[in-house]
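the following comprises the amino acid sequence and a computationally predicted model.
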Amino acid sequence: MNIQKLIESMDRFQTILPVLLRELPIEDLRWKPESGNWSILEVLCHLHDEEKDDFRPRVQSILTDPSLPLVPWDPEGTAISRRYNEQDPESELNAFLAERRTSLEYLRGLERPDWSLAFDHPKFGPLTAGMVMAGWAAHDQMHLRQITKRLFEMNQRDCAPFVTDYGGEWKA
């Protein structure tokens, strides 16, 4: 695993995300497509919570003592209980960026971690610190794609009754 490349990717994401969200009206940040998929604001809140309550604590726990149980995590339930779509976007973005800075500082401070250390997860089986780390970096890209798709869907919404086919087909 090239941890440096993953850290660089995570660092870039904290630069890209604010640019994508800049100047989007609150109604667009809260807009949900007919599919019922998450709004951009819900994705942002999820990113914040995953950073502080899932990925970093799990990597830390497995690297420290893989025999300790991991704190249960329910992303879908959390989105509902914390009322993501009612939150303040600027506060959530700033909170995510602060958590990301803490995460990057933690990761850069690790000295020769054993990424093969594994927690015996009831659903996934042996869950190594490296698997969680890889998932953490990929998680950014997955949600970058999701935000981009939401922006595309808003463009389609705003073009009605015309269609966007001339500009190309969405294949993500």
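Thanks, I have the structure now.

neighbours around Ile26, how many?
When counting by other C-beta atoms under 10 Å, one arrives at 11 neighbours for Ile26. C-beta coordinates here come from the backbone N, C-alpha and C atoms, glycine included.

how about the contacts made by the closest residue in space to it that isn't next to it in sequence?
Residue nearest to Ile26 in three dimensions, not counting chain neighbours: Pro89, with 6.8 Å by C-beta to C-beta, 6 or more residues apart in numbering. Taking C-beta atoms under 8 Å, 6 or more residues apart in numbering as the criterion, Pro89 is in contact with 21, 24, 26, 29, 41, 44.

give me the pLDDT for Ala172.
pLDDT for Ala172: 58.

correction: the previous question concerned Leu70.
According to the predicted model, the pLDDT of Leu70 comes to 86.

find the residue closest to the spatially most central residue of the chain in space, skipping its chain neighbours.
The chain has Leu47 as the residue nearest its centroid, 3.7 Å off, counting by C-alpha atoms, centre = their mean. In space, and not counting its chain neighbours, Leu47 is closest to Phe96: 5.3 Å by C-beta to C-beta, 6+ apart.

how about low-confidence regions in the protein?
Residue ranges of the chain with pLDDT under 70: 171-172.
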